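Enquirer: Sequence below, structure please.
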Amino acid sequence: VSTYKPMGTLEKWQQAAAFVMKDRIDLQVLVAASFGAPLMVFTGHAGIVISAWSRQSAVGKSSGIRVGQSIWSAAISMNSIDDTNNFVLKKIADVRSMPCYWDEMKVGSDNSDKMVSLALSLSQGKGKGRMNADTSLKEVGEWDTILVAASNFPLMDHIVAKTDGTDAGAVRLFEFAIERPPTADTSQAARIIAQTKINYGVPGRVFAKWISANYDKVDKIVCTIKDTLNIELAAEQSERFYIAGMAATLGGARVANHLGICTFDIPAMKAFLC
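Expert: As a prediction, the model looks like this:
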């Protein structure tokens with residue numbers, strides 16, 4: 001896919017990332033989830049939805065989403081509300097371990113149904129089984145990843161309502177509110193963030209090259225973080241998706257720091273997620 005072909009320089013991307021994430025642990029989580037997506041395979045769970053919401057505009061949600069997406073591909077790869085679930089899941093299956101970003105996710109009756117279905121499907125790690133016209137079986141797509149969403153209203157209440165009050169959908173959605181005052185949209189800020197339009201994919205290439213050459217080391221990093229979180233939080237079985245998403249995100253941040261791609265405040269991120 002052409003949008004996943006690296007373009008520009010790492011340095012220009014780093015300028016935009018540093019600007020967006022400075023003193024913003026919440027936005028660091030949105031970006032770190034992009035590095036965490038390929039590490040979900042080490043958690044034993046196929047996927048989770050991480051969602052950030054705020055009723056206010058200009059609080060940084062879209063900027064964090066854009067930087068996270070640009071780690072691997074152009075911003076055009078982000079999903080929109082008009083995309084069907086089949087399209088989104090097909091795209092996830094095609095890229096398999098790369099993150100899926102969805103900005104401005106809408107909350108409403110029809111959209112909530114879509115979100116519930118998507119969250120449940122994502123955690124199963126595979127697409128629908130289908131038959132060709134000649135009754136032969138179509139190939140079923142598989143993945144291990146994280147879907148990151150940003151919206152103006154919380155999704156949790158709608159997901160719980162759509163699953164008859166059970167936690168089937170809730171345990172697959174890690175959601176937090178962004179409680180920051182709106183920031184001024186200065187020309188400097190716009191120019192710096194816009195650098196992600198022509199500088200993308202390079203951070204992902206550096207990251208992927210290292211984790212593919214250090215598979216066992218990455219496995220140990222993620223599993224150690226996961227085990228530590230389970231003990232420290234006395235996590236219940238129903239919280240396994242939360243722990244997996246946290247471990248992959250923190251593990252991705254740790255590797256990105258080690259490679260000098262980003263500077264994540266990992267202790268603060270861990271405290272925020274916990």
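
Enquirer: Can you get me a residue count around the residue lying closest to residue 145 once chain neighbours are set aside?
Expert: Take residue 145 and drop its neighbours on the chain: the residue closest to it by Cβ to Cβ, 6 or more residues apart in numbering is residue 37, 4.6 Å away. For glycine as for every other residue, the C-beta is placed from the backbone atoms N, C-alpha and C. Residues near residue 37, counting by other Cβ atoms under 10 Å, number 34.

Enquirer: residues contacting residue 37?
Expert: 97-100, 145-146, 248, 252 (Cβ atoms under 8 Å, 6 or more residues apart in numbering).

Enquirer: again, but for residue 35
Expert: 71, 207, 249, 252-253, 255-256, 261-262.

Enquirer: Using CSV, lay out the residues you listed together with distance to residue 192.
Expert: Listed next are these as CSV, based on distance: Cβ to Cβ, whole Å:
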residue, distance to residue 192
71, 16
207, 22
249, 24
252, 23
253, 21
255, 25
256, 19
261, 17
262, 15
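
Enquirer: how about JSON lines for these, with neighbour count added?
Expert: Compiled in JSON lines, the contacts of residue 35 are given as follows (neighbours: other Cβ atoms under 10 Å):
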{"residue": "71", "neighbour count": "30"}
{"residue": "207", "neighbour count": "22"}
{"residue": "249", "neighbour count": "33"}
{"residue": "252", "neighbour count": "30"}
{"residue": "253", "neighbour count": "25"}
{"residue": "255", "neighbour count": "24"}
{"residue": "256", "neighbour count": "25"}
{"residue": "261", "neighbour count": "22"}
{"residue": "262", "neighbour count": "23"}
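
Enquirer: Tell me the one among those residues nearest to residue 47.
Expert: Nearest to residue 47 among the contacts of residue 35, counting by Cβ to Cβ, is residue 249 at 12.7 Å.

Enquirer: So for that closest one, what's the pLDDT?
Expert: According to the prediction, residue 249 has pLDDT 98.

Enquirer: Which two of the contacts of residue 37 have the greatest separation?
Expert: 100 and 252 (14.8 Å).

Enquirer: Can you tell me the element residue 245 falls in?
Expert: Using DSSP states H and E, residue 245 sits in helix 240-258.

Enquirer: and what of residue 48?
Expert: Per DSSP H and E: strand 47-53 holds residue 48.

Enquirer: For that strand, report the contacting residues that lie outside it.
Expert: Around strand 47-53, the neighbours that count as contacts under Cβ under 8 Å, 6+ apart are 26, 29-30, 33, 40, 61, 64, 105, 115, 118-119, 122-125, 143-155, 172-178, 241-242, 244-245, 249.

Enquirer: Show me what the helix or strand just after it is packed against.
Expert: The helix or strand immediately downstream of strand 47-53 is helix 61-70, counting by DSSP H and E. Packing partners of helix 61-70 (3 or more Cβ pairs under 8 Å, 6 or more residues apart in numbering; DSSP states H and E): helix 10-21, helix 25-36, strand 47-53, strand 100-105, strand 145-151, helix 187-193.

Enquirer: 7 Å instead, please
Expert: In terms of contacts (3 or more Cβ pairs under 7 Å, 6 or more residues apart in numbering; DSSP states H and E), helix 61-70 is packed against helix 10-21, helix 25-36, strand 100-105, strand 145-151.

Enquirer: Right, I'll leave it there.
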